[in-house]
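# sharing a model that was predicted from the sequence below.
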Amino acid sequence: MFDNIRADLRAHSGDWAAQGFWVLLVYRFGRWRYGVRPAVLRKFFSIVYKFLFKCVQIITGVELPCEVVIGRNFVIDHFGGIVISGYARFGDDCRVRNGVVIGLKNINEPIAPVLGNNVDIGAGAKVLGNIRIGNNVVIGANAVVLTDVPDDSIAVGVPATIKKRQCPVKERAQEPVDERVTGP
């Protein structure tokens, strides 16, 4: 748990006052309590978690239940109005901004999106349903994503249209290196 907390603090630029960090601190505590033995102690920690979860939800406006699976370097940027379903899953290096909803499309189908690595979600975006978001994806502000998004893409609009990124992260061209020796 403490390694994850240190990593979360680094992901939030070492800012203890970052409300996204507070949310992740409570999230990590909620995940940790599942492994506590004996059961009586775990129940006590569950009560503490539920209290802290509600406090952080009221103060920050972010709902990130401990059932969500998140990868390393998860960043909650610009707190407020963020709702993430407990069924959602995130890869590494994801960023979520204010007003984002990641959740169920239909109440009868309790399946939320699965997001890959290096996904950047713009303010006000909605990502809903049994869909997969690939690696190195940017979801534009206020986009409504209801279908799968392949790797190295951008999703923009309502409903979202999918476009290939011009210069995907993993394939960025290196600047040519001038190997000539220059001297004084």
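Arrived safely.
# can you map out the strands along the protein?
Remark: strands assigned in the chain by DSSP state E are 62-63, 75-76, 82-84, 95-96, 101-103, 114-115, 119-121, 126-128, 132-133, 137-139, 144-145, 153-156, 161-164.
# let me know which of those is the nearest to G20.
Proximity to G20 (Cβ to Cβ) singles out strand 75-76 among those, at 3.0 Å. Yep, even glycine has a C-beta here, placed from its N, CA and C like the rest.
# for that closest one, name the packing helices and strands.
helix 19-33, strand 95-96 (3 or more Cβ pairs under 8 Å, 6 or more residues apart in numbering; DSSP states H and E).
# winner for burial among these?
strand 95-96 (a mean of 24; mean count of other Cβ atoms under 10 Å).
# give me the mean pLDDT for that one.
Average pLDDT, strand 95-96: 97.
# contact partners for the closest residue to N135 other than its chain neighbours?
Closest residue to N135 in three dimensions, ignoring its sequence neighbours and counting by Cβ to Cβ, 6 or more residues apart in numbering: G116, at 3.9 Å. Neighbouring residues of G116 by Cβ atoms under 8 Å, 6 or more residues apart in numbering: G91, R132, I133, G134, N135, N136, V137, D151.
# quick one, phi/psi of the last one?
Backbone torsions of D151, given as degrees, to the nearest 10, read phi -50, psi 150.
# find the nearest non-adjacent residue to it, please.
If the residues on either side of it in the chain are set aside, D151 comes closest to G134, at 3.7 Å by Cβ to Cβ, 6+ apart.
# thought that neighbour was touching A155?
No - with contacts counted by Cβ atoms under 8 Å, G134 stays clear of A155, the gap being 10.1 Å.
# these two: which is more packed in?
Between G134 and A155, counted using other Cβ atoms under 10 Å, the more crowded position is A155 (26 against 19).
# does N135 really touch S153, like I thought?
No - if you go by Cβ under 8 Å, N135 and S153 don't touch, sitting 9.7 Å apart.
# with P38 as the reference, measure out to the residue nearest to N135.
For G116, the distance to P38 (Cβ to Cβ, to the nearest Å) stands at 38 Å.
# what about the longest helix in this structure?
As assigned by DSSP state H, the longest helix anywhere in the chain is helix 39-60.
# buried residues, that helix. List them.
Judged by neighbour count (16 or more other Cβ atoms under 10 Å), helix 39-60 contains these buried residues: S46, Y49, L52, F53, V56, Q57, T60.
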